[in-house]
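> Next come a sequence and a model predicted from it.
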Amino acid sequence: MSRQTSRLDAKKVNSELFTLTYGALVTQLIKDVDNVDDVNKQLERMGYNIGVRLIEDFLARSGSGKCYDFRDTSEKIQLATRMYLGVSPTISNWSPSGDEFSLVMDSNPITDFVELPDSHMGLKYSNMLLGVIRGSCEMVQLEVSCWFAQDQLKGDNTTEIRVKLLRKLEDSVPAGED
Amino acid sequence: MNNSSFGACPAKTSILDRSLSKGKGEVSLSAFALLFSEVVQYCQTKVYTVPELQKKLHEIGLDVGSRIVDLYFVRDKNCKRETKLLNILLFIKTTVWKNLFGREADKLEHANDDERTYYIIEKNALVNSFVSVPRDKSSLNCAIFTAGIVEAILTSCNFPAKVSAHWHQGTTYMIKFDESVTSRDQQLEER
């Protein structure tokens, strides 16, 4: 029996366990590191580590092939968000040159029970998501930069992540080999 | 929390004004497993020995557990507080486990020799699904995170206890209650 596109069964976990674990991690980071900017950087770095491994899981489960342009990439990011976080974001606000878009999420599962206190307004709570996008794109030879255009925790209506393609990374032959 | 409409700033709706979600949302196991691996790796950078790592993971579990108590009691128990020892243990084995991990824990046992000790046993802990422990750190069981969750639930419900995780029949959580809990429970039984 040959399987053309095998879709591995995606086991699911209660999103509250995920939300609370993420919250406990952020709390621990804030306790250990006083500076809010350092916490943001740590979260982004952890997200990058996750993204680097998540992309393989994504490619295995979705069986998708190469992206032909950045629009394909945006659709794959949308699909991945649906697969991993259980929410369906929308893609919008394409830049005229086609290298920048917005991922708009009405509900963000990792901020389900979260309220930002006034003393930590500089905290980018969902910064890990930006790291995940950056890490997974880098593994498929795309250097992207992401940032939050809107954040529900800071009073906006939706959470909007802006993703910009910086350049395509070329595979370079290690020095000494030819 | 100030919701007055005097002054120029608009009233901020606090998170408590929103209605409680049903808790049926799901994320994929890979996402949780990768997040948990980052948590463990972060804790590893902060400690020097395996017992310290266990303690750190346990603390993170305490954080999670203390937030679950109110949530599950309001949702599933209709805000009715548990006062009997066996009932709270059954609540943890069934409701808490089902909500967190999608299935009930396998066994709940009472120790033969010590009336303050109970065991919750499960064959495959969800948090350990993708964890491989190196041989030189074989005493590390990342289910200590779940043990922290259970301990926080028990302590918040006024059943002070210490919970630890062990490699036995899969994963065994050893729950050791305070003297005060068992004597109070005995008094309740005698009435």
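Now that the structure is in, tell me what you want to look at.

> Near chain A, which residues of chain B? Just list them.
B:12, B:14-15, B:21, B:23, B:25-32, B:34-36, B:38-39, B:41-42, B:46, B:59-61, B:63-64, B:67-68, B:71, B:99-102, B:126 (C-beta under 8 Å from any C-beta of the partner chain). In short, each C-beta sits where N, CA and C put it, glycine included.

> Filter these down to the buried ones.
Among these, the ones that count as buried by 16 or more other C-beta atoms under 10 Å in any protein chain shown are B:25-32, B:34-36, B:38-39, B:42, B:59-61, B:63-64, B:67-68, B:71, B:99-101, B:126.

> Can you flag which of the residues of chain B next to chain A belong to strands?
Taking DSSP state E, the ones among the residues of chain B next to chain A that sit in strands are B:Glu26, B:Val27, B:Ser28.

> Report the contact partners of the first one.
It refers to B:Glu26. A:Lys12, A:Val13, A:Asn14, A:Ser15, A:Gly86 (C-beta atoms under 8 Å, 6 or more residues apart in numbering or on different chains).

> Write the PyMOL selection for whichever of those are buried.
Remark: buried members of those, expressed as a PyMOL selection using 16+ other C-beta under 10 Å:
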select buried, chain A and resi 13+14+15+86
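
> restrict the contacts of B:Glu26 to those near chain B?
Checking the contacts of B:Glu26 against chain B (C-beta under 8 Å from any C-beta), the matches are A:Lys12, A:Val13, A:Asn14, A:Ser15, A:Gly86.

> In space, what's closest to the fourth one - neighbours in sequence excluded?
Leaving aside its chain neighbours, A:Ser15 sits nearest to B:Gly25 (3.6 Å; criterion: C-beta to C-beta, 6 or more residues apart in numbering or on different chains).

> Would you confirm that the one you found contacts A:Gly86?
Yes. Counting by C-beta atoms under 8 Å, B:Gly25 touches A:Gly86, with 5.7 Å between them.

> Quick check: neighbours shared by those two?
Counting by C-beta under 8 Å, 6+ apart, the residues touching both B:Gly25 and A:Gly86 are A:Ser15, A:Pro109.

> and residue 108, how many neighbours?
With no chain named, the answer covers chain A. 22 (other C-beta atoms under 10 Å in any protein chain shown).

> hmm, I had chain B in mind actually
18.
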